[in-house]
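Asker: got a sequence here, can you model it:
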Amino acid sequence: MEQQKHYDIMEVCLLAGKLLLQNGAETYRVEDTMRRMAASFGIEESNSFVTPTGIIFSIETDEPIETKLIRVSERTTDLQKVTSVNRISREISFGNLSLKEAYNKLKEVENSKTSFSFLSQFIAASISSGCFLIMYNGNWNDFISAMIAGGGGFLSLGYFHRLVPIKFFAEFMASIIIGLISIGLVHIGLGHEIDKIIIGSVMPLVPGLLITNAVRDLMAGHLLSGQSKGAEAFLTAFAIGSGIASVLIIFK
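Answerer: Down below sits the predicted model:
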């Protein structure tokens, strides 16, 4: 019976860690949350090893406990889910949730839809593209053009990612679409400064959170995770840059 409880604790901790890692949390936050949750359920010694693609977790007790490994193949950015898991973790630390209640709440977070619809994300990407253009000293006459190019890039990113679930390919194709739309808008006279339009339009694709997490993981001593996230951010930046460069070389 006691051993079964230990396995249940591992399941809860691993589920929390998986949700954090999948939705954009830093590696050290994942490990710290899992350790605190295990301690709240009476496990004084626990060990975890977290990388961007997997979690290894074990607890030390008088009885032999097998180490468990889970694979994390898909990652996105949903800070609402990260906040929800942190809130559940705090409730566990305060003793307000039992093991079963914590597991059920975590499953609810896992099965919940994103808090923003695709239409809301599309509108936000479009408006932010125009705002980035102004931030980079662009002309207000190009605001609409940046919105159109940025929105088109965001739509194409979602489409190509569903068509071919390879992040690099989707980002490369989205940047090509942004470049083509920007050149087309300038050609018909709706846009004026093509460089500012492109810069503003690609900003929603830039992996800002990934770069931030890579730096924070490196500073926290998680060298493997920091380097891998940095490499992923570099590939994204390379995909964006190469896509725009290809369009400019061919059509400009």
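Asker: report how many residues lie close to residue 141.
Answerer: 11 (other CB atoms under 10 Å). Glycine gets a C-beta too; all of them are placed from N, C-alpha and C.
Asker: quick check: it is in a helix.
Answerer: Yes - the assignment for residue 141 (DSSP: H, G, I helix; E, B strand; the rest coil) places it in a helix.
Asker: what about the nearest residue to it once chain neighbours are set aside, how many neighbours?
Answerer: Nearest residue to residue 141 in three dimensions, chain neighbours excluded: residue 192, at 5.9 Å (CB to CB, 6 or more residues apart in numbering). Counted by other CB under 10 Å, the residues lying close to residue 192 total 14.
Asker: does residue 192 touch residue 139 like I think?
Answerer: Yes - the criterion here is CB atoms under 8 Å, and residue 192 meets it with residue 139 at 6.1 Å.
Asker: helix/strand/coil for the residue nearest to residue 141?
Answerer: Strictly by three-state DSSP, residue 192 counts as coil.
Asker: and what of residue 28?
Answerer: helix.
Asker: wait, isn't it in contact with residue 213?
Answerer: No - counting by CB under 8 Å, residue 28 does not reach residue 213; the two are 9.7 Å apart.
Asker: those two - which one has more neighbours?
Answerer: residue 213 (26 against 18).
Asker: which residue sits closest to that one, ignoring its sequence neighbours?
Answerer: In space, residue 213 is closest to residue 26, 4.9 Å off (CB to CB, 6+ apart).
Asker: might one say that the one you found is in contact with residue 216?
Answerer: Yes - the pair residue 26 / residue 216 is scored as a contact, 5.2 Å apart, by CB under 8 Å.
Asker: ok, the most centrally placed residue in the chain - contacts?
Answerer: Nearest to the geometric centre of the chain sits residue 77, at 2.8 Å (CA atoms, centre = their mean). Going by CB atoms under 8 Å, 6 or more residues apart in numbering, residue 77 touches 23-24, 209.
Asker: quick check, it in a helix?
Answerer: No - according to three-state DSSP, residue 77 belongs to no helix; its state is coil.
Asker: could you check the pLDDT of it?
Answerer: Predicted confidence (pLDDT) at residue 77: the value is 80.
Asker: now the helices for the stretch 101-250 of the chain?
Answerer: 118-135, 143-163, 167-187, 194-202, 208-219, 223-251 (DSSP state H, counting those that start in this stretch).
Asker: in TSV, list those along with mean pLDDT and distance to residue 56.
Answerer: Putting the helices of the stretch 101-250 of the chain into TSV (pLDDT from 0 to 100; distance: least, CB to CB, whole Å) gives the following:
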stretch	mean pLDDT	distance to residue 56
helix 118-135	91	33
helix 143-163	91	29
helix 167-187	91	24
helix 194-202	91	37
helix 208-219	84	17
helix 223-251	88	12
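Asker: to residue 73, which of the ones you listed lies closest?
Answerer: For the helices of the stretch 101-250 of the chain, the distance to residue 73 is smallest for helix 167-187, at 11.8 Å, taking CB to CB.
Asker: buried set for that closest one?
Answerer: 167, 170-186 (16 or more other CB atoms under 10 Å).
Asker: one more: stretch 195-206?
Answerer: For stretch 195-206, by 16+ other CB under 10 Å, it's 196-205.
Asker: out of the residues you listed, flag the one nearest to residue 48.
Answerer: residue 205 (32.1 Å).
Asker: contact partners for that closest one?
Answerer: 153-154, 157, 171, 174-175, 236, 240.
Asker: between all of these, which two are separated the most?
Answerer: 154 and 236, at 14.5 Å, using CB to CB across the contacts of residue 205.
Asker: how does this protein divide into domains?
Answerer: The record assigns the chain these domain ranges, following automatic domain parsing: 2-111, 118-251.
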